[in-house]
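> Sequence first, then the predicted structure, then my questions.
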Amino acid sequence: MSSKIGWIVAGVIVLVVGGVIIGVICNNMYSTTDPTEDTTAAGALDYQDVAVPITTVVPAEPGGSGNAADDYQKAIEIVKPLYEKAVEDNSEHPQTILDKTAADIGTWYPPQVGKPVNRAVNPEGLELMEKIAAFVAQGATKKEMKYPFNLEKMEVTFLLPEAKYFQVVSQALSDYAHYQVMVLKKNEEAQKIIFNRFIMGWHMSHDRVYPYFVVVGLEVQAHACHWLGDSDGLYPNWPGHEGQAEKAQTYVNAIQDVETFFSNKNKYMFSRFTRENELPNPGDLFNVVQNDKDPCWRVQGLFSLGILKYSSALINSDHLSGDSKRRQSLIDEKLKNGTDEEKAAARAAEKFTKDDYTNLASKNANY
């Protein structure tokens, strides 16, 4: 009798242990990693924009028809070859590249309005600055911008050269505005140039394809505000306009809120892939791709799914099989039903290789 009971107990134990093992296997096969507070907290997946209107800084929102990118692209065609040459000559330091390009374009005045300048004006550079300012002025009259990113050649990345070309254009506008103030004594003309610079950045920050492009757009707007409102800027040194400096600073403060949001989001969306001691959470990436209200983060999320394939975040996951299947199913879904940008990002994720993964950190440190 006791032996029968022993066999029954042993059988029950085997069934229980077997059930646990099967449960673990099934959990790994079918369940996925849960998202964290990074993406489940209130507002984490909302579309984030500057909370104050641009009329805080400029007289009115642009309302013209057409695509502002057509005009900005003409300015970029002027600076692009100079920038690329500077990359070849000074590839070890990104700021050196921008400084060298700016020096090639114009006089590269120090950002101090009203201070004496001993450098002679470069006539060829001045002509380039005039052309750049004219093209940007045309674009700044238009309501919308959609930059012609080459979706067929979209690659998994965070940084991108198109944004750097806009930074060089922005710096050229700063040079030209300084020339107006310090040489020609035309404060009104300088103000117009910086207003156009600001609106160019505003256009960039609303063209939601790449997060980095948005970030650079915010940066361009912030630089314009600093140019106008800092203690050595235009307004504090222009009698009758001192009060406008505070408005410029109000806008800068609002920009910083969005910049902080984007910076924090980039940490769990991209930069953690380059640090093995702090890996991204697969569940957060899935959540962004499926539910984020900002299209640029859905694109970045798809890039991250390409990277995830080779990352320890997936390879060492407690839900390896389930996470792997979820990763692929989201890519397949976007390939089939995504926007044009999402389809391009999904294709880039599919093409992403082990060699690409190995070179990821260095590639995104070169700009």
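Nice, I can see it.

> quick one: the closest residue to Glu61 other than its chain neighbours from Phe195, how far?
Spatial nearest neighbour of Glu61, chain neighbours left out: Ile54 (6.0 Å); criterion: Cβ to Cβ, 6 or more residues apart in numbering. Every residue, glycine included, has its C-beta placed from N, CA and C. Separation of Ile54 from Phe195 (Cβ to Cβ, to the nearest Å): 10 Å.

> now do Glu350
Taking Cβ to Cβ, one finds Glu350 at 43 Å from Phe195.

> Compare neighbour counts for the two and give me the winner.
The residue with more neighbours, out of Glu350 and Phe195, is Phe195; 19 against 15, by other Cβ atoms under 10 Å.

> what packs against the one helix or strand the more buried one maps to?
Assigned by DSSP states H and E, Phe195 falls within helix 187-205. Identification of packing neighbours for helix 187-205 by 3 or more Cβ pairs under 8 Å, 6 or more residues apart in numbering; DSSP states H and E yields helix 68-89, helix 123-139, helix 161-182, helix 211-229.

> could you redo the last one with a cut-off of 6 Å?
Applying 3 or more Cβ pairs under 6 Å, 6 or more residues apart in numbering; DSSP states H and E, one finds that helix 187-205 makes contact with helix 123-139, helix 161-182, helix 211-229.

> Adding mean neighbour count, write those out as CSV.
Output for those, formatted as CSV (neighbours: other Cβ atoms under 10 Å):
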stretch, mean neighbour count
helix 123-139, 18
helix 161-182, 23
helix 211-229, 23
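
> will you turn those into CSV that also has distance to Tyr251 and mean pLDDT?
Shown next, in CSV, are the helices and strands packed on helix 187-205 (distance: least, Cβ to Cβ, whole Å; pLDDT from 0 to 100):
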stretch, distance to Tyr251, mean pLDDT
helix 123-139, 19, 89
helix 161-182, 16, 88
helix 211-229, 5, 97
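
> Looking at those, which is nearest to Glu155?
Comparing these by their distance to Glu155 (Cβ to Cβ), the top pick is helix 161-182, with 11.2 Å.

> Hey, what's the angle from the closest one to helix 123-139? Just curious.
110 degrees (axes from the mean of the first three to the mean of the last three Cα atoms, to 10 degrees).

> Verify the contact between Gln138 and Asp71 for me.
Yes. Between Gln138 and Asp71 there is a contact at 4.2 Å, judged by Cβ atoms under 6 Å.

> Give me the spatial nearest neighbour of Val57, chain neighbours excluded.
Tyr251 (5.1 Å).

> what packs against the helix or strand where the one you found lies?
Under the criterion DSSP H and E, the helix or strand holding Tyr251 is helix 244-269. Contacts defined by 3+ Cβ pairs under 6 Å, 6+ apart place helix 244-269 against helix 211-229.

> now the helix it packs on: how far from the chain's centre is it?
12 Å (Cα atoms, centre = their mean, to the nearest Å).

> Just give me the residue right at the centre of the chain.
Closest residue to the average C-alpha location of the chain: Tyr212 at 1.3 Å, with Cα atoms, centre = their mean.

> quick one, what contacts that one?
By Cβ atoms under 6 Å, 6 or more residues apart in numbering, the contact set of Tyr212 is 158-160, 163.

> Can you pull the domain assignment for this structure?
By the assignment in automatic domain parsing, the chain contains the domains 55-268, 270-367.

> how long is the first one from one end to the other?
With Cα to Cα, to the nearest Å as the measure, the ends of domain 55-268 fall 34 Å from one another.

> just the strands in the stretch 1-150 of the chain please.
For the stretch 1-150 of the chain, the strands defined by DSSP state E, counting those that start in this stretch cover 64-67, 142-144.
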